[in-house]
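Trainee: Could you look at this predicted model? Sequence included:
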Amino acid sequence: MISTKLAILSNIEVAPGIFALRLVRPAGIELKAGQFINIAVPGKTLRRPISLHDYDENTLTVVYRVVGDGTKDLSRMSEGHLDVLLPLGNGFDYSAFSNEVLIVGGGMGTAPLYAAAKEALKRGLSVKMIYGFRSPREEVFREKLRHLPVQAMTCYDTEGENVVDVMIKRRWENIPFLACGPLPMSKALAAASQADGQFSLEARMGCGFGACMGCSFRTTEGMKRICKEGPVFRKEEILWQNLK
Amino acid sequence: MAKLEVNLSGLTLQNPLIPASGTFGYGMDFLDFFDVNEVGSFSCKGTTRQPRDGNPLPRIAEYEGGMLNAVGLQNPGIETVCRDILPELKKVYHGRIVANVSGFSVQEYAETAEMFDKEDIVGIIELNISCPNVHGGGMSFGTDPEAACEVLRAVKARCQKPVYVKCTPQCADLVRMCTELEKNGADGLVLLNTWLGMRIDRKGRPVLTNITGGVSGAGIFPQTLYRIYQVYPHVHIPIIGCGGVSCASDVLEMMSAGASAVEIGTQLLKDPASLPKILTDLNDLCREQQIPEIHTIIGRAHS
Ligand SMILES: Cc1cc2nc3c(=O)[nH]c(=O)nc-3n(C[C@H](O)[C@H](O)[C@H](O)COP(=O)(O)OP(=O)(O)OC[C@H]3O[C@@H](n4cnc5c(N)ncnc54)[C@H](O)[C@@H]3O)c2cc1C
Ligand SMILES: Cc1cc2nc3c(=O)[nH]c(=O)nc-3n(C[C@H](O)[C@H](O)[C@H](O)COP(=O)(O)O)c2cc1C
Ligand code: FES
């Protein structure tokens, strides 16, 4: 983990209120799908945690929704440098998959799953994806996904169908999964899937690197920090009633 | 180079900068950012007799000047700290720590403090009688001088090391609290813990599940500074200033008000790499302001 200043390459609105921020990737740092970075927004005390959406040798990209002042200020920065802590947390654990993986995302939870799908493909896994959005307007990764050899399904709240409905309709409930999305989606998925799975979780964070205990919750294996032991947790260890 | 050494009850610190309790874990979370041996000392996470889970999420909120926390004293308990954590810490840290103790009864404080007192690595025991997060717990000790002094006497009876009391701004008469603590044997004071506050989200609901949280960060600096200034003429024991320090000039201000050293919390969460920078800046400021020995400025705002 390092604290560093990264140059902004671009910060573009890719869907209404949703931005893709591309930064120069620092040398000598290993990145994993499922990890996040903690961005200092000038004028704010707390950094904004955002998951890695994509990365290559020289760049890294995060995709975020403007929800409050911090992300609004961030969306207005088109050049210069950002003060960033990275890489934070543990990525998805691919040793849990033998030949196929189901990747399930809802809303902005779909952001880290692009890197997750690429990583799965690199490891020779066959990838099925279900993405849920509020409406087709918010579907940000359609074009990018088209270039990946994955079987991707999309559904929209506006059409009354959710990701769990799709999973059941497709009979994919026995495929081990990776997921990230709003809590109601994650809970419903955990209940409906028969397979092992991993969830990337969120919490309001004080530090993002394990020092403040601001993000800890009780799991079946004791207290864990979402920023340090997470943000990826195995389905069996999550006690959903302790998340909010 | 200015001489940054300060003295706290016989313990010499190489500089007056002390990461504050709850923002520095047990000293091992910042190793990627700087060498812990650069600090004057550090205050460890508030430790209790038994392990504690703390409060439900969300525990963190933000405001213009800093943050609120309702961590609720999550810690592994004194036994695990002494058995598993301090031996690991000794491998990387060669100074003495400030051992922050919390409790819910006089006995609990005394037992926890006594266990810390036996550890070589502990330089000072810091009684947190002020954590505002735990219902019926810390709060009442910190606002009632009699209860606070009872805790202090019980701890002093069992400990050899200097015992500092970390007060809360929620205390109605802080000067009286501090003079009573001195009379009852306090070796020093830590002024102050967080201020009580809350935030409400866009849907009109409290952000923190605990509703209230401890307010910290740059936004509390002036009022904390003033409390130190108020208390300083009334006591003869050292004061560690704490609350909203975010840069080297804040350190000089707090020392001028009467602090012998300063604790820094939220600033290190905001920018974990900033401690060495504050230290460098402190040296530069001392040179610019012709302060060859930093301890000479303690309380200078009063003359
Ligand atoms: C590990 C992790 C990964 C994340 N990845 C992404 C991502 O890839 N894309 C994306 O759009 N969002 C992501 N988020 C959520 C993102 O951090 C918040 O939307 C953002 O912090 C909101 O900041 P704000 O100032 O705009 O909102 P405000 O509501 O004004 O923020 C106030 C405070 O609450 C915190 N906060 C508010 N909402 C959240 C939230 N959902 N999670 C954590 N903290 C929150 C803020 O950080 C800030 O400290 C992630 C969160 C976590 C914990
Ligand atoms: C996340 C967090 C956890 C804290 N935990 C403790 C604690 O366990 N014990 C304690 O005495 N103070 C605790 N504090 C209070 C700090 O030690 C300090 O008194 C306060 O934050 C004011 O200083 P600052 O403005 O520099 O942060 C905590 C503060 C924060 C932000
Ligand atoms: S946010 Fe500080 S420990 Fe996780």
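Mentor: Looks like it arrived, so ask away. Residues are numbered from 1 along each chain as shown, chains lettered A, B, ... in the order given. Ligands and ions are numbered 1, 2, ... in the order given.
Trainee: can you list the residues of the stretch 151-300 of chain B near chain A?
Mentor: Counting by Cβ under 8 Å from any Cβ of the partner chain, the positions of the stretch 151-300 of chain B adjacent to chain A are B:202, B:207, B:209, B:217-218, B:266, B:268-273. Backbone N, C-alpha and C define where each C-beta goes, glycine included.
Trainee: Quick one: end-to-end distance for stretch B:23-37.
Mentor: 17 Å (Cα to Cα, to the nearest Å).
Trainee: same question but for stretch A:31-47, I mixed them up
Mentor: 19 Å.
Trainee: helices or strands next to the helix or strand hosting A:Asp165 in the packing?
Mentor: Here A:Asp165 sits within helix A:163-170, counting by DSSP states H and E. Judged by 3 or more Cβ pairs under 8 Å, 6 or more residues apart in numbering or on different chains; DSSP states H and E, helix A:163-170 is in contact with strand A:100-106, strand A:126-133, strand A:151-156, helix A:183-192.
Trainee: show me where pLDDT drops low in the chain?
Mentor: Chain wasn't specified; assuming chain A. Across chain A, nothing is flagged by pLDDT under 70.
Trainee: you looked at the wrong chain, it should be chain B
Mentor: In chain B, residues with pLDDT under 70: B:131-139.
Trainee: try it again with 90
Mentor: Along chain B, segments meeting pLDDT under 90 span B:1-2, B:104-105, B:130-141, B:303.
Trainee: Let me see the ranges of the helices in it.
Mentor: Ranges of helices in chain B, per DSSP state H, are B:78-80, B:86-92, B:106-117, B:138-143, B:145-158, B:174-183, B:221-231, B:248-257, B:266-270, B:274-288.
Trainee: what does chain A give?
Mentor: A:69-75, A:111-122, A:142-146, A:163-170, A:183-192.
Trainee: returning to that earlier point: most surrounded residue in the residues of the stretch 151-300 of chain B next to chain A?
Mentor: B:Thr266 (30 neighbours; other Cβ atoms under 10 Å in any protein chain shown).
Trainee: Could you measure from the closest residue in space to that one that isn't next to it in sequence over to A:Lys235?
Mentor: Among residues not flanking B:Thr266 along the chain, B:Gly217 sits closest, at 4.0 Å (Cβ to Cβ, 6 or more residues apart in numbering or on different chains). B:Gly217 is 37 Å from A:Lys235, where distance means Cβ to Cβ, to the nearest Å.
Trainee: Same question for A:Ala116.
Mentor: Distance, A:Ala116 to A:Lys235, by Cβ to Cβ: 16 Å.
Trainee: Give me the more crowded residue out of those two.
Mentor: Under the neighbour definition other Cβ under 10 Å, A:Ala116 and A:Lys235 were set side by side, and A:Ala116 has more, 30 against 19.
Trainee: from memory the more buried one sits against A:Phe97, does it?
Mentor: No - if you go by Cβ atoms under 8 Å, A:Ala116 and A:Phe97 don't touch, sitting 11.0 Å apart.
Trainee: anything in stretch B:264-280 sitting right up against ligand 1?
Mentor: No - contact between stretch B:264-280 and ligand 1 is absent, the nearest approach being 11.0 Å (criterion: Cβ under 6 Å from any ligand atom).
Trainee: Contacts for that stretch, please.
Mentor: Stretch B:264-280 is touched from outside by A:3, A:40, A:45-47, A:83, A:85, A:206-207, A:209, A:211-212, B:4, B:15, B:17-24, B:30, B:33-34, B:38-39, B:66-67, B:216-218, B:242, B:244-248, B:251, with contacts defined as Cβ atoms under 8 Å, 6 or more residues apart in numbering or on different chains.
Trainee: try 6 Å this time
Mentor: With contact meaning Cβ atoms under 6 Å, 6 or more residues apart in numbering or on different chains, stretch B:264-280 is reached by A:3, A:45, A:206-207, A:212, B:19-20, B:23, B:30, B:33-34, B:38, B:66-67, B:216-217, B:245-246, B:248.
Trainee: if I pick the closest residue to A:Leu125 other than its chain neighbours, what's in contact with it?
Mentor: Leaving out its chain neighbours, the residue that sits closest to A:Leu125 by Cβ to Cβ, 6+ apart is A:Val101, at 5.0 Å. Going by Cβ under 6 Å, 6+ apart, A:Val101 touches A:120, A:125, A:127.
Trainee: which one among these gets closest to ligand 2?
Mentor: Closest approach between the contacts of A:Val101 and ligand 2, by Cβ to the nearest ligand atom: A:Ala120, at 36.1 Å.
Trainee: What are the buried residues along the helix holding A:Asp165?
Mentor: Buried residues in helix A:163-170, defined by neighbour count with 16 or more other Cβ atoms under 10 Å in any protein chain shown: A:163-164, A:166-167.
Trainee: could I get these as a markdown table with distance to A:Tyr131?
Mentor: Formatted as a markdown table, the buried residues of helix A:163-170 follow (distance: Cβ to Cβ, whole Å):
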| residue | distance to A:Tyr131 |
| --- | --- |
| A:Val163 | 7 |
| A:Val164 | 13 |
| A:Val166 | 9 |
| A:Met167 | 12 |
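Trainee: For these, name the two members farthest from one another.
Mentor: A:Val164 and A:Val166 (7.3 Å; Cβ to Cβ).
Trainee: Which residues of chain A lie near ligand 2?
Mentor: Close to ligand 2, as judged by Cβ under 6 Å from any ligand atom, chain A has residues A:206, A:212, A:214.
Trainee: now with 5 Å?
Mentor: A:206, A:212 (Cβ under 5 Å from any ligand atom).
Trainee: closest to ligand 3 out of the helices and strands packed on helix A:163-170?
Mentor: Nearest of those (Cβ to the nearest ligand atom): helix A:183-192, 17.9 Å.
Trainee: Compute the first-to-last residue distance for stretch A:26-37.
Mentor: Start-to-end span of stretch A:26-37 (Cα to Cα) is 12 Å.
Trainee: how about it, does it get close to ligand 1?
Mentor: Yes - residues of stretch A:26-37 are located near ligand 1 by Cβ under 5 Å from any ligand atom, namely A:Phe36.
Trainee: So which bits of that stretch are buried?
Mentor: Buried, per 16+ other Cβ under 10 Å, within stretch A:26-37: A:31-37.
Trainee: And for that stretch, what's in contact with it?
Mentor: A:4, A:49, A:51-52, A:55, A:84, A:86-89, A:91-92, A:115-116, A:119, A:200, A:232.
Trainee: Buried only: go through those for me.
Mentor: Buried by 16+ other Cβ under 10 Å: A:49, A:51-52, A:55, A:84, A:86-89, A:91-92, A:115-116, A:119, A:200, A:232, out of those.
Trainee: restrict those residues to those near ligand 1?
Mentor: Filtering the buried ones among the contacts of stretch A:26-37 for neighbours of ligand 1 using Cβ under 5 Å from any ligand atom leaves A:49, A:51.
Trainee: which one of the buried ones among the contacts of stretch A:26-37 is nearest B:Asp120?
Mentor: For the buried ones among the contacts of stretch A:26-37, the closest approach to B:Asp120 (Cβ to Cβ) belongs to A:Leu88, at 33.7 Å.
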